[in-house]
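Enquirer: Need a 3D model of the sequence below.
(chains A, B, C and D)
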Number of protein chains: 2
Amino acid sequence: MTTIKDIAKEANVSTGTVDRVLHDRGGVSQETSDKIKGILRKKNFKINQIASSLAMKKHLNLATLIPMYDNQNVFWKSPASGIQKASQEVNANGVEITNFFFDQFDPKNYIDTFNKLLDSNPDALIMAPIFVKETSLIIKSLNERDIPFIFLNINQKGYNNLCYIGQKSFEGGSLAGQLLNLCTTQDDELLIVQTRKNLDDYRSFSQRGKGFIDYFNKNNIKKSIHQIQFDGLKNESNVGKKINSLLKSNKKIKGIVVPSSRTSNIIELIHPDIQAIIKVVGFDTTPKNISALKKGQITFLISQKSFNQGYKSIITMVNYLIHKVKPDPEIPTPLEIVTKENVEFIEYDMRRYDSGL
Amino acid sequence: MTTIKDIAKEANVSTGTVDRVLHDRGGVSQETSDKIKGILRKKNFKINQIASSLAMKKHLNLATLIPMYDNQNVFWKSPASGIQKASQEVNANGVEITNFFFDQFDPKNYIDTFNKLLDSNPDALIMAPIFVKETSLIIKSLNERDIPFIFLNINQKGYNNLCYIGQKSFEGGSLAGQLLNLCTTQDDELLIVQTRKNLDDYRSFSQRGKGFIDYFNKNNIKKSIHQIQFDGLKNESNVGKKINSLLKSNKKIKGIVVPSSRTSNIIELIHPDIQAIIKVVGFDTTPKNISALKKGQITFLISQKSFNQGYKSIITMVNYLIHKVKPDPEIPTPLEIVTKENVEFIEYDMRRYDSGL
DNA sequence: TCGCACGATGTGTACGCACACGAATATAAG
DNA sequence: CTTATATTCGTGTGCGTACACATCGTGCGA
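Expert: Numbering: from 1, shown residues only, chains lettered A, B, ... in the order given. Prediction:
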């Protein structure tokens, strides 16, 4: 392995000079610089990241701003775990991460939490920009302070975020379309169940619905696609009544897609007789969804690997801050298809990422 | 962040003594040891992996023994790339990796290559134990020299391999069963196409076939499942004739599974009219398979993420040798379902690696 | 012509943290 | 008091980073 010392010796300069060239820190004559660069190439020199990390010992202070999770809304637990894992790994690099959780149904709390976060003087921020107007204020604040930020799981256009890490919701919807189309027959009809009303257009719920319909359009497949929308699932018995009556009056509906992570909540309300003959595609591998999948109530789950999203967001930011690696502006996470038969093997990936050697 | 120095100061000992305690290297009195351990716990001390790696700078020499790949047999390119990637990452740890490729159809070459490998005095080995008898000889050799080894992609029981990293072939077959069952109707019949004869029972081809059939048994689904077997695909026109005549005389066959990575080779031989009405499940995301998937010739591909297998094998071994982390005896890689609609988003990491380097 | 200032360029080295080995010290045994 | 044994100390090592300092050459004023 070639070290900086080797390079320095061959170029008849000191290691300090080589270091300047490596990091473009200036103060080196063109001639010397060229000579060193040549030797670097010739010897195929690569910075030893281990030694580099040790030497830098940057004290970085990252903050995250994502929704809090509870038993009712468990989705965000998964990215939070990914963040947690990454956090442990980069800890040795002198990177500290503080999580700030907000109420995903309360814009004011979003702002308040952000202000608390600002007080901690973070060097960078990983955030889920849930509310449109409030996000605009937040970004303004960030830009004034020159704090770089990454959008996680939810994207909003028009900002100077370092990158977006998350799913392609529209494409996820198309995938759901393909799957339901494959496991139903030509004459069968389909149903989209939205669990929220007043969907902001940019939200995944909305995009998935559009992508779903688009699948049939782009492939010239004639399909009757019904839609039903609820304003949350607080009133379960009411929701159940409506769905069941719809399904009873439309016997040709043989496939349902729920473009949110609340898939199992919906399915459980459906009459068992109908459950038995209907194919269901849902999103996200929450524990309840997985349990429904295993019971056969859900046919396919499409996972966005939100654990990985959280994990990657940290790694990407650290790479940017420490190693100046500019990420792609969009880092899509895979659309992972999960069924009863492969569900046992998917979780494994959570343990995967490199052990921080 | 607490360092060894902090601990040492508080315990009134030198850092060397703390280090001994940390690594159970002995030579420390019970009393001192207890005191230090107490402080370690109290301060929640964690070894700084960065500094640790730098200090150790073990010079490890890993070897790999896997089949060579070419245009005809491209499968092993993927694990090799994973190994390559991991190789670069651990390079900074002073770990050197040498690859030894053998002819997967020639047992003698397997042994010869292994002997060459032995001459390089490796500290550990990652291998694909393709041939039964020859593997037994190889393992004997390894054990005499106390060289730890990992089985990659192919498992053989009864050896003291550190672990097995690879797919669950049987379960992969079951998954194929589920998918074909979902996208065909009750009366449709199915076909298994084996591309090799004389299958060793432990090989993935064979296990997948069994798992496929088992899916229908365990779920009490009555299905006519046909099987056809070829001795390699050298004589393509002959293979094509046989398949087409089989499909023409059995019009009820609406689904085909090819339990090997040669899926696209088979499908291309099938008459276009039949292709159009038949669902196909295949294995492995080779470039040709992916291209067939995009053209609609293949409905589902089941990937074993062989890139990750290769990658993991190295990381696992290095963790074992340097950090003494004993891996699980079986590390299954996910059964990833790939369709036309999500193929763009799979293995983001790998594509990046392939193109970026 | 001398002296000095200053920018440009380059040197030398302390530092980050854990590791491990030779040397020193303490303690016990003979 | 010597030898042996058990503990513990002190420090060089791994490699890159970055800052304080040294060196050189040029230009300018007197």
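Enquirer: Please list the residues of the stretch 1-150 of chain A that sit near chain B.
Expert: A:1, A:46, A:48-51, A:53-54, A:91-94 (CB under 8 Å from any CB of the partner chain). All C-beta atoms are positioned from the backbone trio N, CA, C, and that covers glycine.
Enquirer: Could you list the low-pLDDT ranges of the stretch 51-200 of chain A?
Expert: Scanning the stretch 51-200 of chain A for pLDDT under 70 picks out A:58, A:92, A:198-199.
Enquirer: Which parts of the stretch 151-300 of chain A are helices?
Expert: A:169-182, A:204-218, A:236-249, A:263-267, A:272-277, A:287-295 (DSSP state H, counting those that start in this stretch).
Enquirer: between those helices, which one is nearest to DNA strand C?
Expert: helix A:287-295 (36.8 Å; CB to the nearest atom of the strand).
Enquirer: and A:G232, how many neighbours?
Expert: 11 (other CB atoms under 10 Å in any protein chain shown).
Enquirer: who's in contact with it?
Expert: A:195-197 (CB atoms under 8 Å, 6 or more residues apart in numbering or on different chains).
Enquirer: which SS class is the residue in chain A positioned nearest to DNA strand C?
Expert: Closest to DNA strand C within chain A is A:G16: 2.6 Å, counting by CB to the nearest atom of the strand. Classification of A:G16 by DSSP: H, G, I helix; E, B strand; the rest coil places it in helix.
Enquirer: Distance check, it against A:I36.
Expert: 12 Å (CB to CB, to the nearest Å).
Enquirer: So those two - more neighbours on which side?
Expert: Neighbour count, other CB under 10 Å: between A:G16 and A:I36, A:I36 has more, with 22 against 12.
Enquirer: which residue sits closest to that one in space, ignoring its chain neighbours?
Expert: Distance criterion CB to CB, 6 or more residues apart in numbering or on different chains; nearest residue to A:I36, sequence neighbours excluded, is A:V21 at 4.6 Å.
Enquirer: I'd say that neighbour and A:K37 touch.
Expert: Yes - if you go by CB atoms under 8 Å, A:V21 and A:K37 touch, sitting 6.4 Å apart.
Enquirer: Looking only at neighbour counts, state which of the two leads.
Expert: Neighbours of A:V21 and A:K37, each counted by other CB under 10 Å, are more numerous for A:V21; the result is 22 against 16.
Enquirer: OK, contacts around the more buried one?
Expert: A:28, A:32-33, A:36-37, A:40.
Enquirer: got the CA positions of stretch A:98-109 in CSV?
Expert: Output of stretch A:98-109 as CSV, limited to C-alpha atoms (Å, rounded to 0.1, in the frame of the first residue of the first chain):
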residue,chain,number,x,y,z
THR,A,98,-29.5,14.7,17.6
ASN,A,99,-33.0,13.7,16.6
PHE,A,100,-35.9,16.1,16.7
PHE,A,101,-39.4,14.6,16.4
PHE,A,102,-42.5,16.5,15.5
ASP,A,103,-46.2,15.8,15.3
GLN,A,104,-46.9,15.0,11.7
PHE,A,105,-50.4,16.4,11.9
ASP,A,106,-49.5,19.7,13.5
PRO,A,107,-47.7,22.3,11.3
LYS,A,108,-47.1,24.5,14.3
ASN,A,109,-45.3,21.8,16.1
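Enquirer: Okay, strands next: where are they in the stretch 51-200 of chain A?
Expert: A:60-67, A:95-102, A:124-127, A:149-152, A:164-166, A:189-194 (DSSP state E, counting those that start in this stretch).
Enquirer: Are there helices or strands packed against the shortest one, and which ones?
Expert: Packed against strand A:164-166, as judged by 3 or more CB pairs under 8 Å, 6 or more residues apart in numbering or on different chains; DSSP states H and E, are the following elements: strand A:149-152, helix A:306-323, strand A:330-332.
Enquirer: deepest of these, which one?
Expert: strand A:149-152 (a mean of 25; mean count of other CB atoms under 10 Å in any protein chain shown).
Enquirer: Neighbouring strands - and their directions - for that strand?
Expert: strand A:124-127 (parallel), strand A:164-166 (parallel) (DSSP bridges).
Enquirer: With mean neighbour count and distance to B:T98 as added columns, please give those strands in CSV.
Expert: What follows is those, written out as CSV (neighbours: other CB atoms under 10 Å in any protein chain shown; distance: least, CB to CB, whole Å):
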stretch, mean neighbour count, distance to B:T98
strand A:124-127, 26, 40
strand A:164-166, 25, 36
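Enquirer: Roughly how far does the residue nearest to A:I36 sit from A:K324?
Expert: Counting by CB to CB, the gap from A:V21 to A:K324 is 15 Å.
Enquirer: Check A:V90 too.
Expert: For A:V90, the distance to A:K324 - CB to CB - is 16 Å.
Enquirer: of these two, who's got more company?
Expert: A:V90 (22 against 9).
Enquirer: I'd say that one and A:V318 touch.
Expert: Yes - assessed by CB under 8 Å, A:V90 is found in contact with A:V318 at 5.1 Å.
Enquirer: Find residues that contact each of these two.
Expert: Counting by CB under 8 Å, 6+ apart, nothing touches both A:V90 and A:V318.
Enquirer: if we can go back for a sec, nearest to A:R262, out of the strands paired with strand A:149-152?
Expert: Closest approach to A:R262 among the strands paired with strand A:149-152 (CB to CB): strand A:164-166, 18.5 Å.
Enquirer: Look up how far B:T135 lies from the residue of chain A most remote from its centre.
Expert: The outermost residue of chain A, judged against the average C-alpha position, is A:N12 (48.6 Å), by CA atoms, centre = their mean. Shown here: A:N12 relative to B:T135, a distance of 53 Å by CB to CB.
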